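Participant: Coordinates for the following, if possible.
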Amino acid sequence: MADHPLELRLEGWLTRHLPAGLGACTIFVMRQLWAALFALIILGAILITRAIWNPDWPMARYDALVIIAVATQILLLVFKLETFEEAKVILLFHLTGTVMEWFKVSAGSWGYPEPGVLKLFAVPLFTGFMYASLGSYIARMIRLFDAVIAPYPPFWAGTLLAIAIYVNFFAHHYLPDIRLLLFAASLGLFLRTRLWFRMGDRWLWMPFPCAALGIAFALWIAENIGTFTGTWAYRGQGHFELVSLSKMGSWYLLFFVSFTTVTLVMRSALRAKPFRPGPVRSGHASGQRQSAAPETPAR
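Facilitator: Model prediction:
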């Protein structure tokens, strides 16, 4: 549940001034946007810089995006809109995402056509923050919604799946692509798993694979923003051509890598057994953060 003073005040105002159903829907959307704050700032910066940037300016647009991303990270920590635990997640994503960017760009899967000083191996350094923003969203979503993921498969099994997916992103350039097997494995492991989240005094849930599909669709929208603005381009893609919906399969799999990376740092939301929510104690505003039932996390 919201636990930052700004979050509590906003949700409290919505609860007091809107009808119950409309208030709950509004709070749900607001929390989702708030959880995606880092990603929305990065996407907003991509759109705004594309609209205003002049190639004659002394600083390249890509370099400005790096500075904006770093400044955003610092400000989120200074104003306690992001915890240091969440910052650890962002660092992990930055490293794994940047490595994948180096490989994919060198393999010709996509490219970054604009100039810039803050590039390494033809990849602008802001790209790591784009991956990190997904990790930031997942970590913040868990906190803002008191999320519980149960019954979660053995942690080692989910980790092996994430490693296999990550390796396949590289290996399919040289070996047979096993993503169909990975799709099947994700369903085999997580078909029974539910993502529980709290809204006021109610617990709601959705199938965990459906959450992965929802994230994949959101990433498809973000990818189209990137290609429409010319920030990056896929091989053979026209400037105003939509990114293929088939790419959602890759982003569906990326979600499992992302979620496992988050839970390397934040494992308390995982439950090995089915979750049976008890009554929720109401706090002020929309409710102070109330932890889920104290069960043993998945291992």
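
Participant: Thought Gly214 was touching Trp251, still the case?
Facilitator: No. Judged on C-beta atoms under 8 Å, Trp251 makes no contact with Gly214 at a distance of 10.7 Å. (Glycine included, C-beta is placed from N, CA and C.)

Participant: more neighbours, these two?
Facilitator: Between Trp251 and Gly214, counting by other C-beta atoms under 10 Å, Trp251 is the more crowded of the two (20 against 15).

Participant: So the more buried one: helix, strand or coil?
Facilitator: helix (DSSP: H, G, I helix; E, B strand; the rest coil).

Participant: show me the contacts for it.
Facilitator: By C-beta atoms under 8 Å, 6 or more residues apart in numbering, the contact list for Trp251 reads 215-216, 219-220.

Participant: Which SSE is immediately downstream of the host helix or strand of Ile163?
Facilitator: With elements taken from DSSP states H and E, the one containing Ile163 is helix 155-171. Scanning forward in sequence from helix 155-171 by DSSP H and E, the next helix or strand is helix 179-190.

Participant: Touching that following helix from outside, list them.
Facilitator: Residues outside helix 179-190 that contact it (C-beta under 8 Å, 6+ apart): 153, 157-158, 161, 164-165, 168, 172, 208-209, 212, 249-250, 252-253, 256.

Participant: List buried residues within these.
Facilitator: Neighbour counting by 16 or more other C-beta atoms under 10 Å classes 153, 158, 161, 164-165, 168, 208-209, 212, 252-253, 256 among the contacts of helix 179-190 as buried.

Participant: Report the two of those residues separated the most.
Facilitator: Distance extremes for the buried ones among the contacts of helix 179-190: the farthest pair is Asn168 and Phe208 at 20.3 Å, using C-beta to C-beta.

Participant: which one of the contacts of helix 179-190 is nearest Val123?
Facilitator: Ser250 (17.9 Å).

Participant: got the residue ranges for the strands in the stretch 51-200 of the chain?
Facilitator: Along the stretch 51-200 of the chain, counting by DSSP state E, counting those that start in this stretch, strands occupy 110-111, 119-120, 123-124, 148-150, 194-199.

Participant: Report the contact partners of Trp102.
Facilitator: Applying C-beta under 8 Å, 6+ apart, we find Trp102 in contact with 120-121, 123.

Participant: shouldn't Ile41 be in contact with Thr72?
Facilitator: Yes. Judged on C-beta under 8 Å, Ile41 makes contact with Thr72 at a distance of 5.1 Å.

Participant: thinking again about what came up before, please convert the buried ones among the contacts of helix 179-190 to a markdown table, extending it with distance to Thr98 and pLDDT.
Facilitator: Formatted as a markdown table, the buried ones among the contacts of helix 179-190 follow (distance: C-beta to C-beta, whole Å; pLDDT from 0 to 100):
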| residue | distance to Thr98 | pLDDT |
| --- | --- | --- |
| Pro153 | 29 | 97 |
| Gly158 | 23 | 97 |
| Leu161 | 22 | 98 |
| Ala164 | 21 | 98 |
| Ile165 | 17 | 98 |
| Asn168 | 18 | 98 |
| Phe208 | 27 | 98 |
| Pro209 | 28 | 97 |
| Ala212 | 23 | 97 |
| Tyr252 | 22 | 97 |
| Leu253 | 19 | 97 |
| Phe256 | 19 | 97 |
